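> Need a 3D model of the following:
(one chain, ligands or ions: 2)
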Amino acid sequence: MAGADLTLDEQRQQANLAFIASGAEFAFGDALALPLPVAELQALTADSPGVEALHDGGLTAEVLCLNHAGRRWAIKRARAECRVRNPDGQTSFLNELQRHAELAPLDLAGIVKPIYCSSRAGLVVSPWLDGRHPGVLDERQARSLLQAGCALIEHGFFEWDYSAGNLLDDGERLWLYDFGYCYRFDPLTQLNSAGDGRDCPQFHLAERIEGRHLFGALLDAGSDDEALPHFLTFKRLAAQAYESLAERLARRGATTAVLDHYRGLATRWHNELTHAPGQLYLANAWQAHSSDLDDDLRGRSCTSRTLRRAQWLQQALREHGLTLRDSGALAAEDAVLNDVALLAHLRERELEAQRHQL
Ligand SMILES: Nc1ncnc2c1ncn2[C@@H]1O[C@H](COP(=O)(O)OP(=O)(O)OP(=O)(O)O)[C@@H](O)[C@H]1O
Ligand SMILES: [Mg+2]
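Residues are numbered from 1 along each chain as shown. Ligands and ions are numbered 1, 2, ... in the order given. Presented below is the predicted three-dimensional model:
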């Protein structure tokens with residue numbers, strides 16, 4: 001196939017799979033600045049002197065906390081084979097190195113700066129962030145995450161995975177450090193890194209945060225009634241963030257399509273926050289849970305939360321089917337099914353998620 005026929009995703013996947021197959025090295029930073037030589041970092045185990053923690057639950061890598069000469073470092077080591085079994089998973093470590101190399105000189109607030117990365121060594125070494133993974137986002141957390149997310153967009157980075165395991169809160173701001181699923185795009189002419197950059201407008205920053213993180217955290221926090229005010233706070237801040245983002249992109253000559261996208265969403269949310277907050281919540285929760293269920297099934301990376309998402313969808317359809325259909329939240333392929341058929345389909349997906357539970 002000619003390059004022009006490929007989506008942005010396919011072009012990126014092909015190039016990175018070929019790079020990995022070639023065995024070539026992608027590295028940046030200064031190996032001499034490392035706390036220990038590369039070979040020693042590769043050989044560290046949970047019992048090695050100075051190793052204070054080991055995170056080995058990750059899908060792409062394992063991360064050690066190394067205390068050396070009074071400083072803590074995050075030593076991220078690639079797994080021999082990524083547990084996300086698709087081209088994006090297989091290329092996620094190399095992709096992360098590429099993003100770190102591009103992001104480091106930008107010095108953005110809330111974006112960790114590794115001191116050294118090497119694809120051959122399967123290593124990323126960064127300062128250790130002393131923080132906690134966020135749950136339901138409070139106002140400070142939401143503001144700081146939206147700020148970091150907008151900064152990424154403005155510099156041409158589209159981050160797909162805002163799940164809690166990829167976020168740390170140091171009490172002052174939220175930090176991002178895992179760029180395995182962060183791809184380049186042109187923020188002045190494109191909306192994201194999917195399709196041709198313009199034809200998948202359903203994917204955007206607030207939608208990613210809601211899908212990968214917020215609605216999952218809200219499932220743990222309690223009922224829909226309890227979740228509603230948290231969601232509304234986030235949405236109000238997201239609307240404000242999109243208005244300011246559009247202003248900044250406008251000054252740099254972004255296309256009308258890009259500006260209308262962010263301004264249109266902000267206007268719609270302001271309007272619905274005032275007139276139909278419950279419906280806005282239902283529609284966004286539906287989209288978040290559906291899209292995350294899809295992602296987990298596609299990557300075969302299902303957890304107990306994936307099952308609860310599938311259950312939430314079934315219950316919402318039973319209780320609020322009409323409202324959901326009226327709000328336009330259902331994807332075209334779901335909207336053509338009647339409630340009985342759609343419920344059966346969701347039940348099937350729940351069972352499929354059970355089979356792929358990690
Ligand atoms: N610089 C850091 N400072 C403190 N903790 C870190 C740092 N980098 C990673 N971690 C911890 O290690 C965990 C795994 O890191 P990371 O998300 O980068 O790996 P991963 O294998 O790509 O995970 P997954 O595939 O599940 O997204 C994080 O959830 C976090 O708790
Ligand atoms: Mg991660």
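> Around the closest residue to ligand 1 within the chain, how many other residues sit close by?
Closest residue of the chain to ligand 1, C-beta to the nearest ligand atom: residue 58 (2.2 Å). (Each C-beta comes from the backbone N, C-alpha and C, glycine too.) Each residue near residue 58 was counted by other C-beta atoms under 10 Å, and the total is 17.
> Enumerate every residue touching it.
79, 165 (C-beta atoms under 8 Å, 6 or more residues apart in numbering).
> Pretty sure it sits in a helix.
No. Judged by DSSP: H, G, I helix; E, B strand; the rest coil, residue 58 forms no part of a helix; its state is coil.
> Please report how far it lies from ligand 2.
Taking C-beta to the ion, to the nearest Å as the measure, residue 58 falls 5 Å from ligand 2.
> Next one, pLDDT for residue 181 please.
Among the per-residue scores, residue 181 shows a pLDDT of 95.
> So it sits against residue 161, correct?
Yes. Using C-beta atoms under 8 Å, residue 181 makes contact with residue 161 at a distance of 4.4 Å.
> In terms of neighbours, single out the busier of those two.
Each of residue 181 and residue 161 has its neighbours counted (other C-beta under 10 Å); residue 181 has more, 26 against 19.
> contacting residues for that one?
Listed by C-beta under 8 Å, 6+ apart, the contact set of residue 181 reads 88, 92, 95, 159-161.
> rerun that using 10 Å as the cut-off
Residues in contact with residue 181, defined by C-beta atoms under 10 Å, 6 or more residues apart in numbering, are 60, 84, 88-89, 91-92, 95-96, 99, 158-163, 166, 193, 208, 212, 295, 299.
> Domains of this protein: list them as residue ranges, please.
3-127, 139-355 (automatic domain parsing).
> does ligand 2 sit close to the last one?
Yes. With C-beta under 5 Å from the ion as the threshold, domain 139-355 lies in contact with ligand 2, specifically through 165-166, 178.
> Could you double-check that residue 326 lies in contact with residue 286?
No. Contact criterion C-beta atoms under 10 Å: residue 326 and residue 286 do not qualify, at 11.9 Å.
> what residues are shared contacts of these two?
Taking C-beta under 10 Å, 6+ apart as the contact criterion, the residues that touch both residue 326 and residue 286 are residue 320.
> higher neighbour count, those two?
residue 286 (23 against 12).
> check contacts around the residue nearest to the more buried one when sequence neighbours are not counted.
Nearest residue to residue 286 in three dimensions, chain neighbours excluded: residue 329, at 4.3 Å (C-beta to C-beta, 6 or more residues apart in numbering). Residues counted as contacts of residue 329 (C-beta under 10 Å, 6+ apart) are 279-280, 282-288, 290, 316, 320, 323, 335.
> Among those, give me the pair with the biggest separation.
For those, the maximum inter-member distance is 18.4 Å, found between 280 and 335 (C-beta to C-beta).
> Neighbour count for the two, which is higher?
Between residue 280 and residue 335, residue 280 has the larger neighbour count (other C-beta under 10 Å), namely 22 against 12.
> Can you tell me the element that one falls in?
Counting by DSSP states H and E, the element that carries residue 280 is helix 277-298.
> residues in contact with the worst-scoring helix or strand of the chain on mean pLDDT?
Ranking every helix and strand in the chain by mean pLDDT, DSSP states H and E puts helix 87-90 at the bottom, with a mean of 90. For helix 87-90, contacts defined as C-beta under 10 Å, 6+ apart pick out 9-10, 12-14, 16-17, 20, 59-60, 81-84, 95, 160, 180-181, 183, 298-301.
> Does ligand 1 have contacts with it?
No. Helix 87-90 does not reach ligand 1 (C-beta under 6 Å from any ligand atom); its nearest approach is 8.5 Å.
> What's the first helix or strand after that helix?
Next helix or strand after helix 87-90 toward the C-terminus (DSSP H and E): helix 92-103.
> Wondering if that next one reaches ligand 1 at all.
No. Applying C-beta under 6 Å from any ligand atom, one finds helix 92-103 separated from ligand 1 by no less than 7.0 Å.
> Quick one: mean pLDDT for that helix?
97.
> where does it sit relative to the chain's centre, distance-wise?
15 Å (C-alpha atoms, centre = their mean, to the nearest Å).
> Over to stretch 123-141?
14 Å.
> buried sites along that stretch?
In terms of neighbour count (16 or more other C-beta atoms under 10 Å), stretch 123-141 has its buried residues at 123-126, 128-129, 134-137, 141.
> before we move on, what about stretch 180-189?
180-185, 187.
> Taking those residues together, which two end up most distant?
So, the buried residues of stretch 180-189 by C-beta to C-beta: farthest apart are 180 and 187, at 20.6 Å.
> got the contact list for residue 278?
By C-beta under 10 Å, 6+ apart, the neighbours of residue 278 are 224-225, 228, 232, 272, 320, 323.
> Let's see that with 7 Å instead.
By C-beta atoms under 7 Å, 6 or more residues apart in numbering, no residues touch residue 278.
> Thanks again, I'm all set now.
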